[in-house]
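Novice: just a sequence and a predicted model for now, questions to come.
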Amino acid sequence: MSGITLRKASFDRFPTDPRRAAVLGELHARPFPLIKPPRVLVVLAFMIEDHGEADLSVLSEMSVRRGVPPPAAGARTHSFAFGKGKLRWERHTEFSTYSWDGPPPERFGDAVDGHPFGSEFRAPGLFIAGVRLELRPDDAAGQAALESFDKTSFCFSTMEGGRARAATDFRQDGDGLTRMLVLADDLPPPRAGALAMRLVEIEVYRTLALLGLPLAQSVGPAIQALEGQLMTITEEMTGGTEDSRNLLQEITLAAAQVEASSASVLYRFGASRAYDEIVRERLGAVGEQPIVGQESWSAFLKRRMGPAMRTCRAIEERQSGLSEKLSRAANLLRTRIDVELEHQNRDLLSSMDRRARLQLRLQQTVEGLSVAAIGYYVVSLFGYIAKAIEHEGSPVSATVMTAMFVPVALLAVWLVVRRLRITHMKGSGEDGH
């Protein structure tokens, strides 16, 4: 039995899909950092406004100052040592994050030294979220640190199967950062890094998910006004005295406004739903277990984020329903206008038919008069011929011959006129009868 030895070079001859590297690399694009407690993480999130050019510029300057290669064009992650810690940059769809982890201060909440976000740091975009997370031993000092949180929004839960406890109040400190505290004694570095980043992502994605709320509140009055306009239009439609064409124009304008409003919120509402789903996934991934007498992270976020997400969904549903109702109203008006046009066309055809019959009678009258007139002239001409025949000695007088010729002349003229009329009608495609 012979074996086959697989070598890397043995597959180089195969044509490779250009997307293969990106697909394989996506699984390892954002690995969790290895964090050995005690440690402090400072994470800042900025909105991307220029397709990431500002991020690359900031990272290039920082990398050159630290003597490391700058990130490549199109890079989505970049990391290098900074002070006693490590700076890590990640690019997402519409925001980027700068994460630094280093040694914690002596006490929870004290100033952090050695981070890169001092006066020399140039923000690459609009600041949207920031987190300060400290991993500390679950000892008396850690228990005392819990007292620094605001009790009105204090969240405290067991995580990682009981190996860690995490606390936050989702409020910002003097630096504008959301404070988080993780107490753990025997959490391995891979699990500590995964837990820390998932908690940070909960705050970042929670903030991004709520960006849809101000937009929903801003378009709400316009949607309400359009709903009132639709009600007024439908009431006028049921009255039966409205001008259908003017109402159709109003409905078309209202429908255009609804579509423009829907387009303006389409991306933001879709992103908010996606971010809200990510928050739920991260909460499920940390293995949260509630602590008796304390509010859990999940319960707090569900209670505070739920109404905002429902508001966004309600605005979307109102826009969709309003668009459908306007479309149905427009179809009803178009049907009414079509019926009115059919009635007008029917009346017009009836009027045209009456005019055609009147014209036919007039034409028949004119034909009769023309036969009499032409016959008179033909008989008159024949009278000259009859007088000439009488002068030549005809036994029949000219008067008798003229009288006998009258019916012949009238019949001949009538046949000629009728023949001409039939010929003209056939030429125009009409029935000659």
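Specialist: Good, I have the coordinates.

Novice: so how far is Pro38 from Met231?
Specialist: 63 Å (C-beta to C-beta, to the nearest Å). All C-beta atoms are positioned from the backbone trio N, CA, C, and that covers glycine.

Novice: which one of the two has more residues nearby?
Specialist: Pro38 (15 against 11; other C-beta atoms under 10 Å).

Novice: quick one: contacts for that one?
Specialist: 103-104, 134-137 (C-beta atoms under 8 Å, 6 or more residues apart in numbering).

Novice: which of the residues you listed count as buried?
Specialist: Using 16 or more other C-beta atoms under 10 Å as the burial test, the contacts of Pro38 include 104, 134-136 as buried.

Novice: hmm, which two among those are most spread apart?
Specialist: Pro104 and Leu135 (7.7 Å; C-beta to C-beta).

Novice: who touches both of those two?
Specialist: 38-40.

Novice: can you list those in CSV and add pLDDT?
Specialist: Formatted as CSV, these follow (pLDDT from 0 to 100):
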residue, pLDDT
Pro38, 91
Arg39, 93
Val40, 94
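
Novice: turn these into JSON lines, including secondary structure.
Specialist: Below are the shared contacts of Pro104 and Leu135 laid out as JSON lines (DSSP: H, G, I helix; E, B strand; the rest coil):
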{"residue": "Pro38", "secondary structure": "coil"}
{"residue": "Arg39", "secondary structure": "strand"}
{"residue": "Val40", "secondary structure": "strand"}
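
Novice: which among these gets closest to Leu358?
Specialist: Nearest to Leu358 among the shared contacts of Pro104 and Leu135 is Val40, at 101.6 Å by C-beta to C-beta.

Novice: nearest residue to the closest one other than its sequence neighbours?
Specialist: Pro104 (4.0 Å; C-beta to C-beta, 6 or more residues apart in numbering).

Novice: so which residues of this structure form helices?
Specialist: Listed in chain order, the helices of the chain (DSSP state H) span 20-26, 53-66, 140-145, 189-209, 212-239, 244-285, 297-391, 398-427.

Novice: highest mean neighbour count out of those helices?
Specialist: Mean neighbour count (mean count of other C-beta atoms under 10 Å) peaks for helix 189-209 among the helices of the chain, with a mean of 22.

Novice: how much space between the residue nearest to Val40 and Ala256?
Specialist: 57 Å.

Novice: point out where this structure drops to low pLDDT.
Specialist: 1-12, 25-30, 239-242, 364, 424-425, 427-433 (pLDDT under 70).

Novice: show me how it divides into domains.
Specialist: Using automatic domain parsing, the domains assigned to the chain come out as 30-207, 212-346, 358-427.

Novice: can you get me the start-to-end distance on the second one?
Specialist: The one in question is domain 212-346. Start-to-end span of domain 212-346 (C-alpha to C-alpha, to the nearest Å) is 55 Å.

Novice: distance to Pro18 for the domains of the chain - can I get that in a markdown table?
Specialist: A markdown table is the format used below for the domains of the chain (distance: least, C-beta to C-beta, whole Å):
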| stretch | distance to Pro18 |
| --- | --- |
| domain 30-207 | 14 |
| domain 212-346 | 27 |
| domain 358-427 | 72 |
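
Novice: out of those domains, flag the one nearest Arg20.
Specialist: Per C-beta to C-beta, nearest to Arg20 of the domains of the chain: domain 30-207, 16.6 Å.

Novice: follow-up on the earlier one: which one of the buried ones among the contacts of Pro38 is nearest Leu213?
Specialist: Of all these, Leu213 sits closest to Glu134, with 29.6 Å by C-beta to C-beta.

Novice: returning to what we had before: right, and the domains of the chain - which one's nearest Thr16?
Specialist: domain 30-207 (18.7 Å).

Novice: could you check how far that closest one is from the centre of its chain?
Specialist: Taking C-alpha atoms, centre = their mean, to the nearest Å, one finds domain 30-207 lying 34 Å from the centre of the chain it belongs to.

Novice: now stretch 327-335
Specialist: Mean-position distance between stretch 327-335 and its chain equals 23 Å (C-alpha atoms, centre = their mean).

Novice: what's next to it, contact-wise?
Specialist: Contacts of stretch 327-335 (C-beta under 8 Å, 6+ apart): 230, 233-234, 237, 244, 247-248, 251-252, 255.

Novice: which residue is the nearest non-sequential neighbour of Trp297?
Specialist: Nearest residue to Trp297, sequence neighbours excluded (C-beta to C-beta, 6+ apart): Cys155, at 4.8 Å.

Novice: list the contacts of that neighbour.
Specialist: Contacts here follow C-beta under 8 Å, 6+ apart; on that basis Cys155 touches 167-170, 294-297, 299-300.

Novice: if we use 10 Å, what do you get?
Specialist: 149, 166-170, 180, 288, 290-291, 294-301 (C-beta atoms under 10 Å, 6 or more residues apart in numbering).
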